[in-house]
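Trainee: Got a predicted structure here, sequence first:
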Amino acid sequence: MSTDIAPHTDPAVTDTAAIAPAATGSFTTDPAATDPSVTGSASGPLSRRPRLARLAGRAPARPAPAAAAHNVSAATAALLALVAIGAALHEPVLIPPLAASAALVHCAPALPLAQPRSVVVGHLLGAAAGYAVGLAGHGSAWAAALAAGVTLALTTLARTPHSPACATAVVIVLQDPAPGRFVPLLFGSTVLLVLTAYAASRVRRAAPRYPAYWW
C-alpha cells in the first residue's frame, strides 16, 4: 500500500528566499534616498528653505513700496510741521514721544494704540502723571520710571493704550517744563498728528482708512 506524503516546506528556507533580494541588493533604489535635490540634504535646495524661513521670522511682510513711501513721507511731513510750529513759537514742540506717536498713526493706523482717543487722552494722562510724580522727585530717574508706570496704569484703566505717553511722563519728570505752556502745546500737537493721519489716509486711495474709531 502506498502512502502519499505532502511535500514539506521548511519555513527557514522560505524566509531566506523572501529576504534574498534584500541581501543581494536587487530591490529598486528609491531616488529620494540618494538624490540631494529630492531629500533636501545639507547641500540641497530644500534644506535652505527652512533656514531662510527661520531667518525671516514670523514678522509681517514688507508693505508695498508705494504704501511705505506714502506712510513715511506723511509721518515726516507731520513731524516737520511740529518743528515749524515750535520755531514760530520759540518752543520745543517736537519731543521724542510725539515722533513715536507719528510713527504709530501713519504706519500702524489700525492698532488701538494709534486711535485718536489713545493718542490725545494717552498723552494728557502721561502729562498728568509726570507732573504729579515730579512734585515728589523732580529730575530723579527713579521718579521718571515711577511716572511711566503710573501712566501705563492710567491708560490701561482709561482704555487709551498709547506707549509713547509713558515717554511723555518721563520727559516731564526729567525736564520739568512749565505746565501752562507745555500741556496746551502737547494737546495741540496730538490733535495735529491725528488730523494729518486722517488726511493722509484719504490722499492715497488704497491706504487703510484712519481712524478705525474716534472715541
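Mentor: Yep, that arrived. The structure displayed is predicted, hence computed values, not measured ones. Residues are numbered from 1 along each chain as shown.
Trainee: Show me which residues of the helix or strand that contains residue 133 are buried.
Mentor: Using DSSP states H and E, residue 133 sits in helix 122-137. Neighbour counts over helix 122-137 (16 or more other CB atoms under 10 Å) mark 122, 123, 124, 125, 126, 127, 128, 129, 130, 131, 133, 134 as buried. The way it works is simple: take the backbone N, C-alpha and C, and place the C-beta from them, glycine included.
Trainee: and which of the residues you listed is nearest residue 183?
Mentor: Set against residue 183, the nearest of these by CB to CB is residue 127 (5.6 Å).
Trainee: Surely that closest one touches residue 181?
Mentor: No: at 12.0 Å, residue 127 does not count as touching residue 181 under the criterion of CB atoms under 8 Å.
Trainee: Can you pull the residues that touch both of those two?
Mentor: Taking CB atoms under 8 Å, 6 or more residues apart in numbering as the contact criterion, residue 127 and residue 181 have no common neighbours.
Trainee: Tell me where this protein has helices.
Mentor: Assigned by DSSP state H, the helices in the chain fall at 11-24, 31-34, 36-39, 45-56, 65-89, 96-107, 116, 122-137, 141-157, 164-175, 179-203.
Trainee: Quick check: which of those is buried the most?
Mentor: helix 164-175 (a mean of 25; mean count of other CB atoms under 10 Å).
Trainee: Quick test: name the residue nearest the centre of the protein.
Mentor: Centroid-nearest residue in the chain, with CA atoms, centre = their mean: residue 59, separated by 7.0 Å.
Trainee: Now mean pLDDT and distance to residue 214 too, for the helices of the chain, in a markdown table please.
Mentor: Converted to a markdown table, the helices of the chain look like this (pLDDT from 0 to 100; distance: least, CB to CB, whole Å):
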| stretch | mean pLDDT | distance to residue 214 |
| --- | --- | --- |
| helix 11-24 | 44 | 75 |
| helix 31-34 | 48 | 59 |
| helix 36-39 | 46 | 57 |
| helix 45-56 | 67 | 36 |
| helix 65-89 | 94 | 18 |
| helix 96-107 | 97 | 13 |
| helix 116 | 98 | 5 |
| helix 122-137 | 96 | 14 |
| helix 141-157 | 97 | 17 |
| helix 164-175 | 97 | 18 |
| helix 179-203 | 96 | 9 |
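Trainee: need these in a markdown table with distance to residue 212, can you?
Mentor: Shown next, in a markdown table, are the helices of the chain (distance: least, CB to CB, whole Å):
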| stretch | distance to residue 212 |
| --- | --- |
| helix 11-24 | 66 |
| helix 31-34 | 50 |
| helix 36-39 | 48 |
| helix 45-56 | 28 |
| helix 65-89 | 16 |
| helix 96-107 | 11 |
| helix 116 | 10 |
| helix 122-137 | 15 |
| helix 141-157 | 17 |
| helix 164-175 | 18 |
| helix 179-203 | 10 |
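Trainee: Compare those helices and give me the one nearest residue 211.
Mentor: helix 116 (5.3 Å).
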